[in-house]
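Give the three-dimensional model of this entry:
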Amino acid sequence: MTRSPRSRSPNPQAETPPFVKIQSVRPGEINMVQYDPLSCLPSSAELPDSDDTPVDNELQNLIPNLLQAILALAWSDRTDWFFGIDMGIYYAPSQPPIVPDGFLSLGVDRFVDEEERLSYVLWEEDGVAPVLTLEVVAKTYGGEYEQKKFDYAQLGILYYVIYVPSRRYRRKRLPLEVYRLVDGQYVLQPNDRVWHPEIGLAIGRDRGTYCGRTREWLYWFDQEGNRLLTPEELAMREGQRADRLAARLRSLGIDPDEI
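As a prediction, this is how the structure comes out:
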């Protein structure tokens, strides 16, 4: 259950604004002291951190997990971003959270403490809404093309990405739809590998192997259209480089194990 804002102690000044604290100074006299209205709002620790709705299949987690892993590698020297997976976005204390399959925020702390974020609470993030949200369409239809599109537009999320990973559900839908918010409305972009200048990357489809599964996945691409490496691909590339170096040393009569 979503918690309401903390209740205030009753006081005789019914017309007092909700974010004004009344402090008694002398009998019959009061002093009005302004204070931070955020102190009235529930913290992420007090809010439910999930809608407890199970995913239809593991792809709904694997696909955003891969996008997050690629960013963690490509942006390893940056701490001004956060990628959430199946995490509630709270925009009002009296409303339930919106829970996309994945979302990216820029200009926020990547790490908040050792326990990490429980939810993404806008009033704890200085009002910074995600720049991109992702929905992975599975067998159970979740309003990805209607209600969620409206909800994300209301939050001012610049890009909304809808991905249909299964060919059996692509009869009437494009595999990947990327929408950009223009004057409060989402506009479908002309192709499915859209450059996001605010992010400095594009998102698109390609075949590859992740967690032992070879299939089509979503990846990040640079401005030249080069696909960013996954951690597994980088490890494989480094292993091949090490093997070539070892072979070269052996050809020169040097045992690489003795170096």
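
Check which helix or strand I63 maps to.
helix 59-74 (DSSP states H and E).

can you give me how far that helix is from the chain middle?
10 Å (Cα atoms, centre = their mean, to the nearest Å).

what helices or strands is whichever helix or strand comes after it leaning on?
Going down the chain from helix 59-74, the next helix or strand is strand 81-85, by DSSP H and E. Here strand 81-85 touches helix 59-74, strand 102-106, going by 3 or more Cβ pairs under 8 Å, 6 or more residues apart in numbering; DSSP states H and E. C-beta here means a position set from N, CA and C on the backbone, and glycine is covered the same way.

Direction included, what does strand 81-85 pair against?
strand 102-106 (antiparallel) (DSSP bridges).

Near D77, how many other residues are there?
Neighbour count of D77, defined by other Cβ atoms under 10 Å: 5.

How about I199?
Neighbourhood size, I199 [other Cβ under 10 Å]: 17.

how much space is there between the residue lying closest to it once chain neighbours are set aside and T209?
Leaving aside its chain neighbours, I199 sits nearest to V131 (6.4 Å; criterion: Cβ to Cβ, 6 or more residues apart in numbering). For V131, the distance to T209 equals 29 Å [Cβ to Cβ, to the nearest Å].

ok, the two, which is more surrounded?
V131 (18 against 13).

ranges for the strands of the chain?
20-26, 29-34, 81-85, 89-90, 102-106, 120-121, 132-136, 159-163, 176-182, 185-188, 194-196, 201-210, 213-221 (DSSP state E).

Show me what counts as buried in the helix ranked longest in the chain.
If each helix of the chain is counted by residues according to DSSP state H, the longest one is helix 231-251. Judged by neighbour count (16 or more other Cβ atoms under 10 Å), helix 231-251 contains these buried residues: E233.

pLDDT of it, averaged?
Summarised as a single mean, pLDDT over helix 231-251 is 78.

Kindly report the same for stretch 72-85.
The model assigns stretch 72-85 a mean pLDDT of 96.

residues near P100, how many?
27.

residues contacting it?
Applying Cβ atoms under 8 Å, 6 or more residues apart in numbering, we find P100 in contact with 84, 89, 130, 133-135, 148, 152.

One more: R237?
By Cβ under 8 Å, 6+ apart, the neighbours of R237 are L229.
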